[in-house]
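Below is the sequence, then the predicted model.
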Amino acid sequence: MEEGRRFSILSANDRDTVRIGEVLGRSLKGGEILAIRGELGAGKTVLVKGIAKGLGVEEEPNSPTFVIMNAYEGRIPLYHFDLYRVSGIGELEDIGYEEYFFGDGVTVVEWADRIPEVFPKEAIQIEIEILGENEREIKFKGDEEWLFLFKSTVERALPTLTKLSR
């Protein structure tokens, strides 16, 4: 992830990753696009489960690998995309991705590095890096004001995860 307006959170396990996602979900107001990157097994779907929880989604999201997108109802609609098997922008255009990306819901995209050209510059970039068997570094990059507010929220909500870097 390129340098700029960003910060990182260390997660010791899946439970921490879900908690981070939940705080993130509670901070979203609708209209956001979250572009998640990370290798296989990094915890992308685990983070999405937390985001869904924070958005008040009762159903637990699963990876939509074979259908490209799943929609969930909560406080704000959640549109969960998985680009792992998508071969190009044409497949996204076929399902009308712009309606979801630029609507009132929250759009979360796993494997965002597969088709980076579809993301507007305002998208929140999230990269999950595997540090050890269960340990992850979750890197956030986005609008400076949003990052400041989100970082402050995380520090208050999850004081045991304050190993943050800027």
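Received, thanks.

Dump the C-alpha coordinates for stretch 40-51 into PDB.
Output in PDB follows, covering the C-alpha atoms of stretch 40-51 (Å, rounded to 0.1, in the frame of the first residue of the first chain):
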ATOM      1  CA  LEU A  40      -5.400 -16.100   0.600                       C
ATOM      2  CA  GLY A  41      -6.200 -16.800   4.300                       C
ATOM      3  CA  ALA A  42      -5.300 -13.300   5.400                       C
ATOM      4  CA  GLY A  43      -8.700 -12.700   7.000                       C
ATOM      5  CA  LYS A  44     -10.500 -10.600   4.500                       C
ATOM      6  CA  THR A  45     -13.800 -12.400   5.000                       C
ATOM      7  CA  VAL A  46     -13.300 -12.400   8.800                       C
ATOM      8  CA  LEU A  47     -13.000  -8.600   8.700                       C
ATOM      9  CA  VAL A  48     -16.200  -8.400   6.500                       C
ATOM     10  CA  LYS A  49     -18.000 -10.400   9.200                       C
ATOM     11  CA  GLY A  50     -17.100  -7.800  11.700                       C
ATOM     12  CA  ILE A  51     -18.100  -4.900   9.400                       C
END
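
Contacts for it, please.
Residues outside stretch 40-51 that contact it (Cβ atoms under 8 Å, 6 or more residues apart in numbering): 11, 14, 17-25, 28, 34, 36-38, 60-63, 78, 80, 106, 108, 110-111, 126, 128-130, 136, 138. For every residue, glycine as well, the C-beta is placed using N, CA and C.

What's the mean pLDDT across the helix or strand Phe7 falls within?
Element membership for Phe7 (DSSP states H and E) is strand 6-11. Here strand 6-11 scores 91 as its mean pLDDT.

what does that strand contact?
With Cβ under 8 Å, 6+ apart as the test, strand 6-11 has contacts from 17, 20, 43, 125, 131, 135-142, 147, 151, 154, 161, 163-166.

Same check on stretch 151-162?
Under Cβ under 8 Å, 6+ apart, the answer for stretch 151-162 is Phe7, Ile9, Leu10, Ser11, Asp16, Arg19, Ile20, Val23, Arg26, Ser27, Leu164, Arg166.

Which of the contacts of stretch 40-51 fall in helices?
Those of the contacts of stretch 40-51 mapping onto helices are Asp14, Thr17, Val18, Arg19, Ile20, Gly21, Glu22, Val23, Leu24, Gly25, per DSSP state H.
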